[in-house]
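1. 3D model of this:
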Amino acid sequence: MAVERFPIEAGQIMLFARAIGDPNPIYSDAEYAAATEPGGIIAPPTFVQASAQYDPDYPLRPKTGEPWFGSGREPTGVQRGAGGGDGGSGGGTGLHAEQHFEYHRPLRPGEVLSVTTKRGESWEKQGRRAGLLKFSELIQEFRDQSGEPVVTARIVSVRTERVVEQEGS
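-> Next comes the predicted model:
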C-alpha cells in the first residue's frame with residue numbers, strides 16, 4: 001500500500017459505520033459521543049481499511065479504460081496468469097486468511113494519518129486436501145501527524161499449491 005496521507009473525516013466515519021451495519025451513535029452523533037469515555041466521535045475498529053481508497057494503485061478498484069478482474073468466479077476482462085491463482089506459480093489460489101488490529105488510541109476525525117507497510121513473517125503448513133498452504137503477513141502502521149502510532153494492522157494471506165501428480169505415479 002502506498003498511502004502518504006489518509007485524512008480522517010467525520011462524514012467518512014459515519015458512512016463507513018453505515019456500510020458495515022454498525023448503528024453505534026459514537027460514530028456519528030457528536031453530542032452523544034461527547035458524553036462517552038473517548039469524549040468525541042471515533043472511528044469503527046476496521047476503519048483504517050478505508051485507507052486503500054487513497055492508494056492510487058489499489059488493485060481492487062476498477063480503473064477507467066483498463067480491464068478489471070471483477071469479483072465473480074470468472075474474471076471480467078483480465079486473464080489469469082499461466083500459473084493460475086493469484087498470479088503465482090504452482091496452480092494455487094490466494095485468499096485473505098485473517099486480520100488483526102492493535103489500537104494504540106481511538107482514531108478521531110480531523111487527523112491525517114500516514115501509512116507504512118512492511119512484510120511480516122511467512123510460514124507453511126501442509127493441508128489435508130488443498131496441498132501446501134503458504135502463509136504470509138503484511139504489517140501496516142498508521143501514524144498521526146506527530147508520528148505517534150494510532151493503529152497497527154496485521155494482514156495474513158494464504159496461497160495454496162496443489163501437488164501436480166506425475167504421469168505413471
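2. ranges for the strands of the protein?
-> Counting by DSSP state E, the chain forms strands over residues 6-7, 94-103, 112-126, 132-143, 149-161, given from the N-terminal end onward.
3. need the residues that contact the first one.
-> In other words, strand 6-7. 48, 51, 54, 111-115, 142 (Cβ atoms under 8 Å, 6 or more residues apart in numbering). Where you see a C-beta, it was placed from the backbone N, CA and C, and this is true even at glycine.
4. can you select the buried ones among the residues you listed for me in PyMOL?
-> Paste this into PyMOL to select the buried members of the contacts of strand 6-7, with burial taken from 16 or more other Cβ atoms under 10 Å:
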select buried, resi 48+51+54+111+113+114+115+142
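5. got the contacts of strand 6-7 as JSON lines, with distance to residue 68 columns?
-> Output for these, formatted as JSON lines (distance: Cβ to Cβ, whole Å):
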{"residue": "48", "distance to residue 68": "24"}
{"residue": "51", "distance to residue 68": "21"}
{"residue": "54", "distance to residue 68": "19"}
{"residue": "111", "distance to residue 68": "32"}
{"residue": "112", "distance to residue 68": "30"}
{"residue": "113", "distance to residue 68": "28"}
{"residue": "114", "distance to residue 68": "28"}
{"residue": "115", "distance to residue 68": "24"}
{"residue": "142", "distance to residue 68": "28"}
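6. can you lay out the strands of the chain as JSON lines showing distance to residue 18?
-> Listed next are the strands of the chain as JSON lines, based on distance: least, Cβ to Cβ, whole Å:
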{"stretch": "strand 6-7", "distance to residue 18": "19"}
{"stretch": "strand 94-103", "distance to residue 18": "20"}
{"stretch": "strand 112-126", "distance to residue 18": "21"}
{"stretch": "strand 132-143", "distance to residue 18": "22"}
{"stretch": "strand 149-161", "distance to residue 18": "21"}
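7. that'll do, ta.
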